[in-house]
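**Student:** sharing a model prediction with you, sequence too.
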Amino acid sequence: MAQVKSSPSRAKVAESEKITINLGHVDLGQIDLLVDERFYSNRTDFIRTAIRNQIERHNDAVRKAVEVRRLELGLRHYGRADLEAAKAAGQTLHIQVLGLAVIDPDVPPDLARDTIASIRVLGALQASGAVKAALSGRIL
């Protein structure tokens, strides 16, 4: 598989993704107590810290899985010029990202469909609704 060097995006990239979790009343109360006791600045600070601690605890397993699955780690941009270059070279992309994959807003759906054979993102995918629809059968 050929690698495509992606260009920086002009689009603004969100630095975080909002998630919703359900917690029991006692767990939530304990978090609030720790916040009141100033161990954490707020609930979000506690939850982020807990998540980071768990990720660190499993760091070796994550590192090995990233290597075995050949995932690109971090932020990956795919712009119109990148995809046009891949199309001109007769290449199709199999995108695999752990983090954030961004398909720039100026990428037309037909170009994405012609050049992206598959896409798997563990994290978040930012693309226009039209591009996501065009790739719907290829998003794993």
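**Tutor:** Structure received.

**Student:** what residue in the protein is the furthest from its centre?
**Tutor:** Distance from the centre of the chain peaks at E37, with 34.4 Å (CA atoms, centre = their mean).

**Student:** separation between that one and L28?
**Tutor:** 15 Å (CB to CB, to the nearest Å). Every C-beta, even on glycine, is put in place using the N, C-alpha and C of the backbone.

**Student:** could you point out the longest helix of this protein?
**Tutor:** helix 43-57 (DSSP state H).

**Student:** on the three-state scheme, the nearest residue to T49 once chain neighbours are set aside is what?
**Tutor:** Nearest non-adjacent residue to T49, counting by CB to CB, 6 or more residues apart in numbering: Y40, 6.8 Å away. When classified by DSSP: H, G, I helix; E, B strand; the rest coil, Y40 comes out as coil.

**Student:** residue ranges of the strands in this structure, please?
**Tutor:** In the chain, the strands defined using DSSP state E lie at 72-78, 93-103, 116-126.

**Student:** most packed of the ones you listed?
**Tutor:** Burial of the strands of the chain is given as mean neighbour count (mean count of other CB atoms under 10 Å); strand 93-103 ranks first at a mean of 20.

**Student:** against which helices or strands is that one packed?
**Tutor:** Counting contacts by 3 or more CB pairs under 8 Å, 6 or more residues apart in numbering; DSSP states H and E, strand 93-103 is packed against strand 72-78, strand 116-126.

**Student:** mean confidence for it?
**Tutor:** Taken as a whole, strand 93-103 carries a mean pLDDT of 96.
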